[in-house]
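# Predicted model follows, preceded by the sequence.
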Amino acid sequence: MKYCRFCRKKTIREIFPANKKGRGIHVKQFACTNIGFGIHGPIIACANCQIIYVDEKITQQKISTYYEVVDDPQYFLEQNAREITFKNYLSKLEKVFPQKGKLLDVGTNTGLFVKLAMDNGWDAVGLEPNRWSAEYAKKHYGITLVNKPFSSGIFPKKNFSVVTMWDVIEHFTDPVSEIKKVYDYLSPDGLFAFSTVDPSSPLAKLMGTRWSWYMEMHRVFLNKAASRWYLEKTGFKNIKFKPHWRFLSAGYLASRLQAVNPLLSEVVSKTISFAGLDKTIIPYYANDLFDCYAFK
């Protein structure tokens with residue numbers, strides 16, 4: 001029996017076999033808005049640390065090369081909805097951590113969250129490997145992002161009051177190591193805030209191998225139990241989980257229904273378009289995502 005890649009215990013089992021049907025990994029699958037739902041390699045679960053991950057050999061360096069060059073124009077079209085989502089993230093963060101200081105947003109994409117944080121009094125910086133997103137941030141928000149993958153040595157240790165990762169941590173091949181890097185970058189009593197998908201949620205269990213967040217760009221899944229396990233082992237304390245809300249345009253949300261039923265997605269998309277409601281922004285909640293706040 002093989003060991004868990006992370007806790008090294010012989011407590012793993014395959015919960016879903018690979019279902020890619022001969023399809024290889026390619027760069028388009030790493031666009032944030034791609035619709036490769038339910039396409040994945042073998043999914044492994046560990047009974048000891050509760051982590052769930054794709055059991056494939058692919059390095060973070062290789063994945064980073066995909067994120068550096070992938071073009072995702074659909075993401076840019078959702079900026080109005082994302083602004084509302086990010087304002088909601090910022091509001092909740094400030095309730096947990098009211099004293100504004102230096103903030104690092106990892107995987108910031110277009111830098112919109114950084115811009116909103118700066119406008120609200122934070123000394124914020126964004127880290128983003130994708131060159132198109134970095135150019136967008138410069139052109140539209142006047143922000144110069146650190147155009148690099150997340151790694152040690154980019155910033156001084158204990159440099160930030162807050163580090164955020166919104167919908168990012170599941171993209172790492174080794175999120176446990178990334179949590180340790182976050183810990184090193186945080187000042188004493190600093191806050192790590194992130195959102196991620198939850199493979200242990202009722203919806204994920206109901207959908208099984210067809211769960212929409214099982215897709216090539218998602219490599220490791222930290223449910224709440226695994227998140228707590230590895231955050232505490234790193235040294236984080238006062239860990240809190242909160243429901244995850246986001247805002248989407250009706251047209252974009254209809255396109256995401258392909259995860260459930262492609263025909264339904266097409267019908268709903270056409271109906272919304274006919275009614276002129278494509279850009280109507282609506283709140284969205286599904287119980288298969290959560291927000292986490294952890295203090296150093």
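Right, received. Where do you want to start?

# Report the next helix or strand after the helix or strand hosting residue 165 in sequence order.
Residue 165 is located in strand 160-166, with elements delineated by DSSP states H and E. With elements assigned by DSSP H and E, the helix or strand that comes after strand 160-166 is helix 175-185.

# thinking again about what came up before, just want the angle from the strand holding residue 165 to helix 175-185.
Between strand 160-166 and helix 175-185, the angle formed by their directions is 150 degrees, by axes from the mean of the first three to the mean of the last three C-alpha atoms, to 10 degrees.

# What are the boundaries of the strands in the stretch 51-200 of the chain?
Ranges of strands within the stretch 51-200 of the chain are 52-54, 102-106, 123-127, 160-166, 186-197, based on DSSP state E, counting those that start in this stretch.

# Touching the shortest one from outside, list them.
When contacts are taken as C-beta atoms under 8 Å, 6 or more residues apart in numbering, the neighbours of strand 52-54 outside the stretch itself are 5-6, 15, 40-46, 199-200, 218-221, 223, 226. Where C-beta positions appear, they are placed from N, C-alpha and C, glycine not excepted.

# Take these and keep only those in helices.
Secondary structure from DSSP state H places residue 226 of the contacts of strand 52-54 in helices.

# Which among the contacts of strand 52-54 count as buried?
In the contacts of strand 52-54, burial by neighbour count holds for 5-6, 40-41, 43-46, 199-200, 218-221, 223, 226, counting by 16 or more other C-beta atoms under 10 Å.

# Tabulate the strands of the stretch 51-200 of the chain (a markdown table), appending mean pLDDT, mean neighbour count and distance to residue 145.
What follows is those, written out as a markdown table (pLDDT from 0 to 100; neighbours: other C-beta atoms under 10 Å; distance: least, C-beta to C-beta, whole Å):
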| stretch | mean pLDDT | mean neighbour count | distance to residue 145 |
| --- | --- | --- | --- |
| strand 52-54 | 97 | 23 | 28 |
| strand 102-106 | 98 | 24 | 9 |
| strand 123-127 | 98 | 23 | 5 |
| strand 160-166 | 98 | 24 | 14 |
| strand 186-197 | 98 | 21 | 19 |
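
# would CSV of those strands with distance to residue 243 be doable?
Converted to CSV, those look like this (distance: least, C-beta to C-beta, whole Å):
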stretch, distance to residue 243
strand 52-54, 21
strand 102-106, 21
strand 123-127, 25
strand 160-166, 15
strand 186-197, 10
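
# Mind naming the longest helix for this protein?
The helix spanning the most residues in the chain, taking DSSP H as the definition, is helix 79-96.

# Any buried residues in that one, and which?
Neighbour-count burial for helix 79-96, with 16+ other C-beta under 10 Å as criterion, is recorded at 81-83, 85-90, 92-94.

# any idea which of these is closest to residue 288?
If you rank the buried residues of helix 79-96 by distance to residue 288 using C-beta to C-beta, residue 85 comes first, at 16.3 Å.

# How much space separates that closest one from residue 7?
When C-beta to C-beta, to the nearest Å is applied, the distance between residue 85 and residue 7 equals 33 Å.

# any idea how far residue 269 is from residue 275?
In this structure, residue 269 and residue 275 are separated by 11 Å, where distance is defined by C-beta to C-beta.

# Looking at those two now, which is surrounded by more residues?
Here residue 269 and residue 275 are set side by side on neighbour count (other C-beta atoms under 10 Å), and the busier one is residue 269, at 19 against 10.

# Identify the residue spatially nearest to that one, adjacent ones excluded.
On the basis of C-beta to C-beta, 6 or more residues apart in numbering, the spatially nearest residue to residue 269 that is not a chain neighbour turns out to be residue 254, at 4.3 Å.

# how far does stretch 220-239 sit from the chain's center?
When C-alpha coordinates are averaged (C-alpha atoms, centre = their mean, to the nearest Å), stretch 220-239 and its chain have centres 16 Å apart.

# Ignore what I typed, I meant stretch 79-92.
For stretch 79-92, the distance from its own C-alpha centre to the chain's C-alpha centre is 15 Å (C-alpha atoms, centre = their mean).

# List of residues touching that stretch?
By C-beta under 8 Å, 6+ apart, the surrounding residues in contact with stretch 79-92 are 110, 112-113, 116-117, 120, 164, 166, 193, 195, 242, 245-249, 252, 279, 281, 291.

# try stretch 15-28
With contact meaning C-beta under 8 Å, 6+ apart, stretch 15-28 is reached by 34, 38-45, 52, 58, 66, 69-70, 208-209, 214, 216.
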